[in-house]
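Colleague: sequence plus the predicted model coming up.
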Amino acid sequence: MKRILIENTYIVTMNEKREVYRNGSILIEGDKIVKIGKVDRDSLGENVEIYDGKGKIILPGFVNTHVHLSQQMGRGIADDVDLLTWLRERVWPYESSFDLEDSYISSLACCGEMIKSGVTTFLESGGQYVEGMVRAVAESGMRGCLSKSVMDEGEGLPKTWQKTKEEELQVQKELYDKYNNTHEGRIKIWFGLRTIFNNSDDLIKETKKLADELNTGIHMHVGEIPGENEYVKKKNGLSTVEHLNSLGALGPNLLAVHTVWLTDREIDLFKLYDVKVSHNPGAAMKVVLGFARIPEMLEKGIPVSIGTDGAPSNNRMDMMREIYLTSLIHKGRTLNPKVLPAEKILEMATINGAKCALLDKEIGSLEVGKKADLIVINEKTLHSLPVHDPIGNIVYAMSSENVESTMCNGKWLMKNRVLTFVDENKLMEKLIEQSEKIQKKAGINIPDRFPVINIF
């Protein structure tokens, strides 16, 4: 069994006591952490890889709890527009032009970008070709909870997406049976509910029932815009969350994404039913959703995590950037510099993310017996020195450039800034080629912002 020793380093465990080790070591055997803190190197023999961690910080791998793998090639197609224009005139035509190979290339590129910002686990909110996602995630070495984007009603749906409740439930069950817990257990299959605009009451209720039976999660956009609550109230007399509650859909396996427009009562319902939350600050500001009441949710003990959302809405799958944005916007909103301190932000990106992924017994902290999912951060860059407060520097000063190496399940996915599973230059060439084909196929025209003079 392969062994890896990371030594002489600063270890932020994120365990229950939030212990930190100076000049500590981590010993990994196979896919698990077997020792942490003090490790006698001489007792290990010769068959061990040594990673010198001097001047480095070791953290649990980040958990990105909301991402769209299939949107990676759509970066830049929907900038500076409102949400419904973004969805119906740009993103849906784009996504509905996909095939299996497009899904694979898009997913592989998205995985690469996430890995380079320290993500080892992610929750995919739903695409149409889950098989392509599975192939990419398997190759990348990441840990992912994958979903199909499920819709059985709603205005503006592309013809190829118009499915019945029975069809959507059946295909999700087939995906679960085929792929759940495959590839060393790194791939999980969740159930996806796109939005309340596109999901019938029967589909919501039966999705919840099936997810409970199979002990898996449900990924859903909830409370994104005021118009969502207005739509549901007009149709059912209740807001989105109140209506989901009336359907019995709230529960510990529901991940509610964005959750910007929630009342005090709805936040209390989330606490009562242990609903999980994914906060996406970059996307929420760029697509003008608003500012979610994250400090209030955390104060009540709701597990709130951090997600990037997809490339057309953020436009970066960069968790270090999202960590920084999260640290700023709530201070500004509440006018309170102490409302979300740096250590709380790291909890959101690690152990809270693991809770939202329903995987906190396996990942989210560096502890003996847990999976070897970790990142190595190099603190020695001009933009992050000096380091008086390592935790503060990670959140407020560092960037994805500081992520030197990324490990999942005991295997290096990136080492010394080089991806180990793919030729990055060849992947970028393929990404450009495929994205141009998709844009033309979808018929999306991006207007020039300034006068363009073609020389050739």
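Modeller: Ah, there it is.
Colleague: by mean pLDDT, which helix or strand of the protein comes out lowest?
Modeller: helix 83-85 (a mean of 79; mean pLDDT, DSSP states H and E).
Colleague: any idea which helix or strand comes after it?
Modeller: helix 92-95 (DSSP states H and E).
Colleague: what packs against that next one?
Modeller: Applying 3 or more C-beta pairs under 8 Å, 6 or more residues apart in numbering; DSSP states H and E, one finds that helix 92-95 contacts helix 424-442. In short, each C-beta sits where N, CA and C put it, glycine included.
Colleague: coming back round to it: any buried residues in the least confident helix or strand of the chain, and which?
Modeller: For helix 83-85, the neighbour count (16 or more other C-beta atoms under 10 Å) marks residue 83 as buried.
Colleague: what sits up against it?
Modeller: 78, 224-225, 227, 287-289 (C-beta atoms under 8 Å, 6 or more residues apart in numbering).
Colleague: what of stretch 420-428?
Modeller: Stretch 420-428 is contacted from outside by 105, 108-109, 112, 139-141, 411-414, 418, using C-beta under 8 Å, 6+ apart.
Colleague: and that stretch, how far out from the chain's middle?
Modeller: 21 Å (C-alpha atoms, centre = their mean, to the nearest Å).
Colleague: just want the most central residue of the protein.
Modeller: residue 64 (2.4 Å; C-alpha atoms, centre = their mean).
Colleague: ok, how many other residues are close to residue 88?
Modeller: 15 (other C-beta atoms under 10 Å).
Colleague: let me see the ranges of the helices in the stretch 101-250 of the chain.
Modeller: For the stretch 101-250 of the chain, the helices defined by DSSP state H, counting those that start in this stretch cover 130-140, 165-179, 201-214, 226-236, 240-246.
Colleague: what about those helices, which gets the closest to residue 20?
Modeller: helix 130-140 (29.5 Å; C-beta to C-beta).
Colleague: quick one: list the elements packing against that closest one.
Modeller: helix 100-115, strand 143-146, helix 165-179, strand 187-189.
Colleague: if we use 10 Å, what do you get?
Modeller: helix 100-115, strand 119-124, strand 143-146, helix 165-179, strand 187-189 (3 or more C-beta pairs under 10 Å, 6 or more residues apart in numbering; DSSP states H and E).
Colleague: make JSON lines from the contacts of helix 83-85 and add distance to residue 305 and pLDDT to it.
Modeller: JSON lines is the format used below for the contacts of helix 83-85 (distance: C-beta to C-beta, whole Å; pLDDT from 0 to 100):
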{"residue": "78", "distance to residue 305": "24", "pLDDT": "90"}
{"residue": "224", "distance to residue 305": "17", "pLDDT": "93"}
{"residue": "225", "distance to residue 305": "21", "pLDDT": "91"}
{"residue": "227", "distance to residue 305": "25", "pLDDT": "91"}
{"residue": "287", "distance to residue 305": "19", "pLDDT": "88"}
{"residue": "288", "distance to residue 305": "22", "pLDDT": "83"}
{"residue": "289", "distance to residue 305": "17", "pLDDT": "90"}
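Colleague: what's the ChimeraX syntax to select whichever of those residues are buried?
Modeller: Buried members of these, defined by 16+ other C-beta under 10 Å, are picked up in ChimeraX with:
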select :78,224,225,287,289
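Colleague: about what we covered before: the residue nearest to the centre of the chain looks like it's in a helix, true?
Modeller: No. According to DSSP: H, G, I helix; E, B strand; the rest coil, residue 64 belongs to no helix; its state is strand.
Colleague: could the contacts of stretch 420-428 go into TSV alongside pLDDT and distance to residue 91?
Modeller: Below are the contacts of stretch 420-428 laid out as TSV (pLDDT from 0 to 100; distance: C-beta to C-beta, whole Å):
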residue	pLDDT	distance to residue 91
105	96	17
108	97	20
109	97	17
112	98	21
139	98	26
140	98	24
141	98	28
411	98	33
412	98	34
413	98	28
414	98	29
418	98	32
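Colleague: list buried residues within those.
Modeller: So, by 16+ other C-beta under 10 Å, the buried ones in the contacts of stretch 420-428 are 105, 108-109, 112, 140-141, 411-414.
Colleague: any idea which of those residues is closest to residue 151?
Modeller: Out of those, the member with the shortest distance to residue 151 (by C-beta to C-beta) is residue 105, at 23.7 Å.
Colleague: the closest one contacts residue 136, doesn't it?
Modeller: Yes. In this structure residue 105 lies within contact range of residue 136 using C-beta atoms under 10 Å: 8.0 Å.
Colleague: now the common contact residues for those two.
Modeller: Listed as contacting both residue 105 and residue 136 by C-beta atoms under 10 Å, 6 or more residues apart in numbering is no residue at all.
Colleague: which residues touch the closest residue in space to residue 239 that isn't next to it in sequence?
Modeller: Counting by C-beta to C-beta, 6 or more residues apart in numbering, residue 239 lies nearest to residue 229, which is 4.5 Å off, once chain neighbours are set aside. Neighbouring residues of residue 229 by C-beta under 10 Å, 6+ apart: 196, 223, 238-243, 261-263, 266.
Colleague: just to revisit the earlier point, export the helices and strands packed on helix 130-140 as a markdown table, with columns for distance to residue 392.
Modeller: Below are the helices and strands packed on helix 130-140 laid out as a markdown table (distance: least, C-beta to C-beta, whole Å):
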| stretch | distance to residue 392 |
| --- | --- |
| helix 100-115 | 24 |
| strand 119-124 | 21 |
| strand 143-146 | 28 |
| helix 165-179 | 41 |
| strand 187-189 | 34 |
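Colleague: could you dump the helices of the stretch 101-250 of the chain into a markdown table with distance to residue 373 added?
Modeller: Below are these laid out as a markdown table (distance: least, C-beta to C-beta, whole Å):
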| stretch | distance to residue 373 |
| --- | --- |
| helix 130-140 | 13 |
| helix 165-179 | 20 |
| helix 201-214 | 24 |
| helix 226-236 | 34 |
| helix 240-246 | 31 |
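Colleague: the closest residue to the residue nearest to the centre of the chain other than its chain neighbours - how many residues pack around it?
Modeller: Excluding its sequence neighbours, the residue lying closest to residue 64 (C-beta to C-beta, 6+ apart) is residue 122, at 4.2 Å. By other C-beta under 10 Å, 29 other residues sit near residue 122.
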